[in-house]
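>>> Sequence first, then the predicted structure, then my questions.
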Amino acid sequence: MPNKKNQLLMLVPSLEQPRVIKRIIEKLQEYESIEVYGFTRKIHQVNNYDILQEQKNIKLTVVGEFSDSKYYDRIRTYFKLISTIYKQKGFQSKQLYVFGLDLRIMSALLLNSEISYEISDIMWLYKSPLRKSVLRNIDTFLAKRSHNVTFTSKGFYEGYYHNFVLPEKVIIKENKFKTYGRVSPIEKVKSDKIRIAYIGAFRYKTIIDNLIKVVVNDQRLVLNFYGDGFKTVIESIKKSVQNHENIHFHGAFKNPDNLEGIYAENNLNFVVYDNSYDNEKVAMPNKFYESGFFNIPIVCAENTYVGKRVLEQDMGWVCGIDHEEIKTFLNSLKTQDLVDCHDRIKKLDKSMFQC
């Protein structure tokens with residue numbers, strides 16, 4: 001095993017993100033010590049990052065707390081981060097690992113730094129044409145000048161960065177599931193009803209509303225929400241829970257600790273994200289890997305990279321995102337289909353899903 005490097009500084013936009021926590025711990029294999037500078041969020045507060053306290057040679061500094069809707073406050077907090085690092089490290093040579101475009105931009109202010117950059121979402125794809133053009137140029141410029149760039153989906157690199165980042169500087173790190181020895185696969189799936197799990201951040205209100213409209217009119221279906229999101233989406237979900245016995249809201253959860261219990265209560269992982277967005281077309285959500293590990297069938301949006309992967313592995317289905325398409329899919333689905341799919345997933349090589 002090669003000698004470890006001395007120290008790595010990691011700049012983290014959300015300490016609640018399991019992918020980020022996993023990457024921090026992975027980097028201990030390469031570095032003697034890691035100093036993490038990160039931020040908490042006003043939503044998703046379940047302290048997923050407390051596992052870092054169990055790791056030797058990781059020092060955590062919580063720089064501040066973000067509110068998703070107050071971007072200018074976030075910029076001020078970013079400058080606080082840069083000031084903190086200069087106070088602690090001065091102008092000495094530094095190795096940085098940075099998550100996301102915001103912090104990659106800010107890291108350019110840290111002189112005498114070798115910067116590695118991780119891209120798990122291409123946020124400028126959601127912007128207006130002018131802002132999209134400006135941010136794309138900034139992002140590709142900074143990616144090109146990074147020591148290396150880690151992508152969580154091969155589709156990101158092939159679709160948007162292959163003309164800017166040399167292949168030898170590219171690392172593909174799919175967002176595979178890490179158990180930390182706390183959870184195990186589901187060996188027998190429920191078969192009394194079609195039990196749908198919507199897990200994670202509630203971002204696509206129209207799709208969620210379409211799903212709810214289908215479920216409330218079909219007593220063969222049960223819909224469970226696990227996670228958090230914007231206030232308007234949460235209010236809409238809670239209203240449906242009050243009016244319908246087959247819809248349930250369970251709130252935020254701890255990853256990975258609570259996931260075995262969540263998947264054990266359900267037999268269909270609903271990962272139908274908005275395929276009108278370019279980012280969603282090429283992303284690889286962590287739910288793909290969780291379904292593969294826990295042996296739970298999955299449905300994804302059609303015309304997406306993750307949907308293609310699901311069909312290739314015969315571990316679920318794809319469908320459209322509007323009300324009639326979701327209705328048609330769920331009307332055609334039988335509990336035996338879910339049992340059969342569950343049995344197929346159990347036979348798949350778990351190294352595809354677990355790291």
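Structure received.
>>> what's near enough to touch the nearest residue to residue 153 once chain neighbours are set aside?
The spatially closest residue to residue 153, leaving aside those adjacent along the chain, is residue 284, at 4.2 Å (C-beta to C-beta, 6 or more residues apart in numbering). C-beta: built from backbone N, CA, C; applies to glycine. Taking C-beta atoms under 8 Å, 6 or more residues apart in numbering as the contact definition, residue 284 lies against 152, 153, 155, 174, 175, 305, 306, 309.
>>> and stretch 115-122, average pLDDT?
Mean per-residue pLDDT for stretch 115-122: 97.
>>> Show residues contacting that stretch.
19, 23, 95-101, 104, 107, 139, 142-143, 146-153, 156, 160-161, 173, 175, 278-279, 283.
>>> Going through those, which ones are buried?
Burial of the contacts of stretch 115-122 was assessed by neighbour count (16 or more other C-beta atoms under 10 Å); the buried members are 19, 23, 95-101, 104, 107, 139, 142-143, 146, 148-153, 156, 160-161, 173, 175, 279, 283.
>>> In strands, which of those residues appear?
95, 96, 97, 98, 99, 148, 149, 150, 151 (DSSP state E).
>>> tell me the contacts of the fifth one?
Applying C-beta under 8 Å, 6+ apart to residue 99 gives the contacts 10, 11, 12, 13, 20, 23, 118, 120.
>>> please redo it, this time with the cut-off set to 7 Å
Residues near residue 99 by C-beta atoms under 7 Å, 6 or more residues apart in numbering: 11, 12, 13, 20, 118.
>>> Check the second one too.
By C-beta under 7 Å, 6+ apart, the contact set of residue 96 is 9, 11, 107, 110, 113, 114, 115, 116.
>>> Kindly list the longest strand within the chain.
strand 31-41.
>>> residues making contact with that strand?
In contact with strand 31-41 (C-beta under 7 Å, 6+ apart) are residues 4-16, 24, 27-28, 52, 57-66, 77, 81, 84-85.
>>> Next: stretch 262-279.
Stretch 262-279 is contacted by residues 121-122, 125-126, 186, 189-190, 194-199, 204, 207, 211, 224, 226, 253, 280-281, 285, 287, 291, 294, 296-304, 319, 321, 338, 342 when judged by C-beta under 7 Å, 6+ apart.
>>> Return the set of residues that bridge with residue 9.
Note on residue 9: beta-bridge partners residue 35, residue 96, judged by DSSP bridges.
>>> can you pull the contacts of it?
35, 37, 85, 94, 95, 96.
>>> Where is the longest helix in this structure?
Secondary structure of the chain per DSSP state H: the longest helix is helix 71-89.
>>> What segments of this structure are helices?
Along the chain, counting by DSSP H, helices occupy 18-27, 71-89, 101-107, 129-144, 154-156, 205-216, 231-243, 259-264, 278-282, 286-294, 305-313, 323-332, 335-346.
>>> For residue 354, which of those helices is the nearest?
helix 286-294 (5.2 Å; C-beta to C-beta).
>>> For that closest one, which residues meet the burial criterion?
Under the neighbour-count criterion of 16+ other C-beta under 10 Å, helix 286-294 has 286, 287, 288, 289, 290, 291, 292, 293, 294 buried.
>>> per-residue confidence at the third one?
So the one you mean is residue 288. Residue 288 carries a pLDDT value of 98.
>>> neighbours around residue 76, how many?
Other residues lying near residue 76 total 10 when counted by other C-beta atoms under 10 Å.
>>> how many other residues sit next to residue 192?
9.
>>> And residue 293, how far from residue 237?
Per C-beta to C-beta, to the nearest Å, residue 293 is found 26 Å from residue 237.
>>> How is the protein divided into domains?
Following automatic domain parsing, one finds the domains of the chain at 5-172, 194-352.
>>> Tell me the span between the first and last residue of the last one.
In this case it means domain 194-352. 26 Å (C-alpha to C-alpha, to the nearest Å).
>>> Where does the prediction get shaky in this structure?
1-2, 43-46, 67-70 (pLDDT under 70).
>>> Next, count neighbours for residue 56.
Other residues near residue 56 come to 6 when the count uses other C-beta under 10 Å.
>>> Who does residue 59 form a beta bridge with?
Beta bridges link residue 59 to residue 35 when assigned by DSSP bridges.
>>> what's the burial count for it?
Neighbours of residue 59 under the rule other C-beta under 10 Å: 12.
>>> Next: the one 3 residues further on.
For residue 62, the neighbour count with other C-beta under 10 Å is 13.
>>> Between the contacts of residue 99, which sits nearest residue 182?
residue 20 (17.7 Å).
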